[in-house]
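A.B. asks: Could you work out the structure for the sequence below:
(chains A and B)
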There are 2 protein chains.
Amino acid sequence: MICVPTLFLDVKRCKKNIGKMASKAKRHGLEFRPHAKTHQSLEVSRWFKEFGVTKLTVSSLKMATYFAEEWDDITVAFPTNILEIKTINQLSKKIKLNLCIENIEVLEFLSEQLEHPIGIFLKIDIGYHRTGIDVDDIELINSLLLKMNKQKFLEFKGFLGHAGHSYKCRSREAVESVHQKSKEQILLLKERYKKQYPNLIISLGDTPGCSVSEDFYGVDEIRPGNFVFYDLTQNIIGSNSLDEIAVAMACPIVAKHKTRNEIIIYGGGIHFSKDRIEDPEDGIIFGRVVEKKNKTWGPYIPKMFVKSLSQEHGIVSVPEAIFDGYKIGDLIWVLPVHSCMAADLMKKFYTTDEEVISMM
Amino acid sequence: MICVPTLFLDVKRCKKNIGKMASKAKRHGLEFRPHAKTHQSLEVSRWFKEFGVTKLTVSSLKMATYFAEEWDDITVAFPTNILEIKTINQLSKKIKLNLCIENIEVLEFLSEQLEHPIGIFLKIDIGYHRTGIDVDDIELINSLLLKMNKQKFLEFKGFLGHAGHSYKCRSREAVESVHQKSKEQILLLKERYKKQYPNLIISLGDTPGCSVSEDFYGVDEIRPGNFVFYDLTQNIIGSNSLDEIAVAMACPIVAKHKTRNEIIIYGGGIHFSKDRIEDPEDGIIFGRVVEKKNKTWGPYIPKMFVKSLSQEHGIVSVPEAIFDGYKIGDLIWVLPVHSCMAADLMKKFYTTDEEVISMM
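C.D. replies: Numbers count the residues shown, from 1 in each chain, chains lettered A, B, ... in the order given. Next comes the predicted model:
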């Protein structure tokens, strides 16, 4: 019996999401190296194997260590943390490990400290401006390549970009435009270096671009992650339909305030995270309520949303007409704003058959 | 050696914060029932015992179960979740357990299902409008009291309020004003019911009010929690000085972008949470950088702050003049915006002597 906030996973939707992205990759001749930071689960990662996936992306060496139990080709899509050299050497002894580099200091450090071969992606800034080498900083790229060529344990794999600015889009057209511009930028590098490095890989990653676009000309590999579950953020971006959202949090109703049409749920920032989206009509929201239906749930109920979160409380705004239908002790089901963060907090999933799926 | 994001606790500052609040409670003749949701640690809770504290507040039955190993008088300051009746019966067999009630449904449910005595606080809305009975809903209060009087296992303890709207204040004067108004409201109930219930307890809770005010006339018990560590949010509210903030996150520098004076740290939303504050000059920030000094840290460096967080990345804005002083592989120390959420995510503390303090 579910008594506390519990993150449910609709396995059927999840596998459908995986299958759809795997087909798209296949259709476009792309290597599919899904990001595992959203699910952080060996069990979920096995479902990818059913679709022929053999390579993973992760966002930390801790996560790489966890998945290295069952995966032997992993890219850490995060600037290399030189303080973790011990873990890097342990992992690269065991699996094919790829790291991201964007400066000379880290490359020099690795040159001195590595004990086993690793693959290197040069992280390129394709417009998001979080990390990466400016796409026109050819001097830096050349000097990094030169250094790599001299080192036995460093193998240049290619250029890796993440168009994270697609998260600011609010239409499929806007996502397509970000995807095209980002792709054009990184393809300039392919053009420039393909003679010298005929096997170089162009790796792109964001869920919005990978979900929306059908143009991957010139791209070799995709690394989306969030699509495995999707969420309300991806929905307002235009990445997915509501019936593709594969996780929902079941939360007990603990109080009701009829004068302001609010329900208090046991379910707060330590369950959902404080990630928010701004809806043009409903304002800032932290989740939306759906109706449980058999082994899944329906679309969200209009005007019923989590309007505020404290550490353990959520305040749910409820349309007056349906307010009396909710009783204290009922569970309500909430689609999260950001499934990666909610999963990270909850540390396990329940399937809609109430089986437990463990995480890292 | 610290290689990944690590939450440090300055034990000296923390004990000083505890001692200061304990003295204030003593000075005003108040029962001190600190909230444990910020530290969630038996070890930290033992430091309170050194100051004569014998009672705790928590925000979930899970937390109550954890602390019941060493504490025998616990209030759960959260609307009672009837789905957890089994845990309620287990706990109330073992310790003095107080629950919060704000409606008839839950009281009726408890009346039928309780197996051991528990204390009941009526949760009163004193202006925050998150949970609680309207202070002038005498009809509801009377019917709850009437029901309780008839039940063997329900003992009315008093009225409990939480002036959480003090978190919107940005000056000590504003906090004082919220504190006074909230106190006045709940004291009306003391006035009304003290003849009938001469031992009734008026319990107030928020860290801003308890930190700022020196007027607790009529109040019987205080339940602040965050003051044990404080944080940047409390600092902008006016609750604490910077040198009272007792936690800081050490984060490795993994990349630098000189053209925009930004440093990328390993330290993101899964470490800090996405809680934010809006600074009038610096805009939205997610943390501020301090300098490590011996076994503690100094005040924050002006204009150096975490401007954005992803799952594992933080982007730190750095003043140009000091940018070159930071090297890849250095640790930087960040004061969190919300220490409760950061602690909940990190699951353990390191003292500045690098000893580990475990949490729930």
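A.B. asks: which element follows the host helix or strand of A:R46 toward the C-terminus?
C.D. replies: According to DSSP states H and E, A:R46 maps onto helix A:42-49. Counting by DSSP H and E, the next helix or strand C-terminal to helix A:42-49 is strand A:56-58.
A.B. asks: Distance from the chain centre to that next one, please.
C.D. replies: How far strand A:56-58 lies from its chain's middle: 10 Å, per CA atoms, centre = their mean, to the nearest Å.
A.B. asks: Quick check: buried residues in the helix or strand just after that strand?
C.D. replies: On the C-terminal side of strand A:56-58, the nearest following helix or strand under DSSP H and E is helix A:61-67. Neighbour counts using 16 or more other CB atoms under 10 Å in any protein chain shown place A:L61, A:M63, A:A64, A:T65, A:Y66, A:F67 of helix A:61-67 among the buried residues. The C-beta positions use only the backbone N, C-alpha and C, and glycine is treated the same way.
A.B. asks: can I get those in JSON lines with distance to chain B?
C.D. replies: Formatted as JSON lines, those follow (distance: CB to the nearest CB, whole Å):
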{"residue": "A:L61", "distance to chain B": "8"}
{"residue": "A:M63", "distance to chain B": "9"}
{"residue": "A:A64", "distance to chain B": "12"}
{"residue": "A:T65", "distance to chain B": "12"}
{"residue": "A:Y66", "distance to chain B": "14"}
{"residue": "A:F67", "distance to chain B": "15"}
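A.B. asks: Adding distance to A:Y266 and pLDDT, write the residues you listed out as TSV.
C.D. replies: Below are those laid out as TSV (distance: CB to CB, whole Å; pLDDT from 0 to 100):
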residue	distance to A:Y266	pLDDT
A:L61	35	98
A:M63	29	98
A:A64	35	98
A:T65	34	98
A:Y66	29	98
A:F67	32	98
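A.B. asks: what helix or strand does the closest residue to A:I263 other than its chain neighbours sit in?
C.D. replies: Using CB to CB, 6 or more residues apart in numbering or on different chains and skipping the chain neighbours, the partner closest in space to A:I263 is A:V316 (4.4 Å). Per DSSP H and E: A:V316 is located in strand A:313-317.
A.B. asks: mind listing what the next helix or strand after that strand pairs with, with the direction of each?
C.D. replies: The helix or strand immediately downstream of strand A:313-317 is strand A:331-336, counting by DSSP H and E. Sheet pairing for strand A:331-336, assigned by DSSP bridges, gives strand A:247-257 (antiparallel), strand A:287-293 (antiparallel).
A.B. asks: Single out the most deeply packed of those strands.
C.D. replies: Of all these, strand A:247-257 has the most neighbours on average by mean count of other CB atoms under 10 Å in any protein chain shown, namely a mean of 24.
A.B. asks: Tell me what angle it forms with strand A:313-317.
C.D. replies: 80 degrees (axes from the mean of the first three to the mean of the last three CA atoms, to 10 degrees).
A.B. asks: Show me where the stretch 101-250 of chain A has its helices.
C.D. replies: For the stretch 101-250 of chain A, applying DSSP state H, counting those that start in this stretch gives helices covering A:104-113, A:138-149, A:172-193, A:207-212, A:232-237.
A.B. asks: Using TSV, lay out the ones you listed together with mean neighbour count and mean pLDDT.
C.D. replies: Formatted as TSV, the helices of the stretch 101-250 of chain A follow (neighbours: other CB atoms under 10 Å in any protein chain shown; pLDDT from 0 to 100):
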stretch	mean neighbour count	mean pLDDT
helix A:104-113	16	97
helix A:138-149	15	97
helix A:172-193	18	98
helix A:207-212	27	98
helix A:232-237	22	98
